[in-house]
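>>> kindly generate the corresponding structure for this input.
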Amino acid sequence: MKRSEVNAIMREADSFIRQGGFHLPPFAYWSPADWTNKGEEAREIADNQLGWDITDFGSGRFETCGLFLFTIRNGSLAELEARHGKLYCEKLMLVGINQVTPMHFHWNKVEDIINRGGGKLVVEVHGATAEDGLADSPVTVSIDGTKHAVKAGHKFVLAPGESITLPPRLYHEFWGAEGRVLVGEVSLVNDDRADNHFRAAVGRFPQIEEDEPPVHLLVTDYPRYYKHAKT
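Numbers count the residues shown, from 1 in each chain. Got it, this is the predicted structure:
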């Protein structure tokens, strides 16, 4: 992805989020120069990958195969293993009409995916075989606390206010319908560097072509600008 494309997506997404009555935290608007001057006080943001996360999954087609995310809060795997501290994660996502996030599951993370407003969110679910393929067996999931037993490949259509709970090793793919969707995610601590298993090989974090300076940093930019970031 080109940096100019990423910058444009950030600006437009921020406007859409504000129109929905949601506001990002102050660190969302730090400039690269701000990050260069930050000290140890900002370690949690960088270490736990809080912030802007924009991906086309290596497709080169963000509008049809891509996702905008902003991680608002997140703990660490060390805290999760110790069962003490910040054991949770919250993200905001924007999903366009027919903009697909490819089929994947998480090794450890349990997550609630919530339609916060806009159009409808379509979520297709499959179980996983012992070899990590798609299973043909029925699937049982919770929709806002109510259990639903469905056939493999069922497509749930979530209206604003509705949510689905996705346990580990449950394959899912999602996209928007009838309008762009503001999506919330509440989950266990999340590490996108290690906890995602995609059915087909994808690039979770895009390679950025630097055709202009960044407006705000992606989570993958922190090591280049923040002296205390993990490498």
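>>> now do the contacts for the residue positioned nearest the centre of the chain.
Taking CA atoms, centre = their mean, the centroid of the chain lies closest to residue 69, which sits 4.6 Å from it. Residue 69 makes contacts with 52-55, 91-93, as judged by CB atoms under 8 Å, 6 or more residues apart in numbering. C-beta coordinates here come from the backbone N, C-alpha and C atoms, glycine included.
>>> equivalent analysis for residue 106, please.
By CB under 8 Å, 6+ apart, the neighbours of residue 106 are 166, 168-169, 190, 195-197.
>>> can you tell me which of those end up in strands?
Of the positions in the contacts of residue 106, 166, 196-197 sit in strands, assigned by DSSP state E.
>>> give the buried residues for the longest helix anywhere in the chain.
Taking DSSP state H as the criterion, the chain has its longest helix at helix 3-19. Buried residues in helix 3-19, counting neighbours by 16 or more other CB atoms under 10 Å, are found at 3, 5-7, 9-10, 13-14, 17.
>>> any chance you could list what contacts the lowest-mean-pLDDT helix or strand in the chain?
Lowest on mean pLDDT, DSSP states H and E among the helices and strands of the chain sits helix 77-82, with a mean of 91. With CB under 8 Å, 6+ apart as the test, helix 77-82 has contacts from 85-87, 188-189, 191.
>>> will you turn the residues you listed into TSV that also has distance to residue 117, neighbour count and pLDDT?
Shown next, in TSV, are these (distance: CB to CB, whole Å; neighbours: other CB atoms under 10 Å; pLDDT from 0 to 100):
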residue	distance to residue 117	neighbour count	pLDDT
85	31	12	93
86	26	14	95
87	27	14	96
188	24	17	97
189	26	21	96
191	28	18	90
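>>> wait, doesn't residue 62 sit right on residue 12?
No - checked against CB atoms under 8 Å, the pair residue 62 and residue 12 is beyond contact range at 11.7 Å.
>>> if we can go back for a sec, where's the residue nearest to the centre of the chain relative to residue 31, distance?
Going from residue 69 to residue 31 by CB to CB, to the nearest Å gives 20 Å.
>>> same check, this time on residue 60
When distance is defined by CB to CB, residue 60 is 28 Å away from residue 31.
>>> now residue 59
29 Å.
>>> contact partners for the closest residue in space to residue 116 that isn't next to it in sequence?
Residue nearest to residue 116 in three dimensions, not counting chain neighbours: residue 182, with 4.3 Å by CB to CB, 6 or more residues apart in numbering. The contact partners of residue 182, taken as CB under 8 Å, 6+ apart, are 16-17, 20, 22, 92-94, 115-118.
>>> same question for residue 178.
Residue 178 touches 97, 119-120, counting by CB under 8 Å, 6+ apart.
>>> how about the longest strand along the chain: buried residues?
Ordering each strand of the chain by length in residues (DSSP E) puts strand 171-188 first. Using 16+ other CB under 10 Å as the test for burial, strand 171-188 gives 171-176, 180-188.
>>> farthest pair in the residues you listed?
Within the buried residues of strand 171-188, two members stand farthest from each other by CB to CB: 180 and 188, at 27.2 Å.
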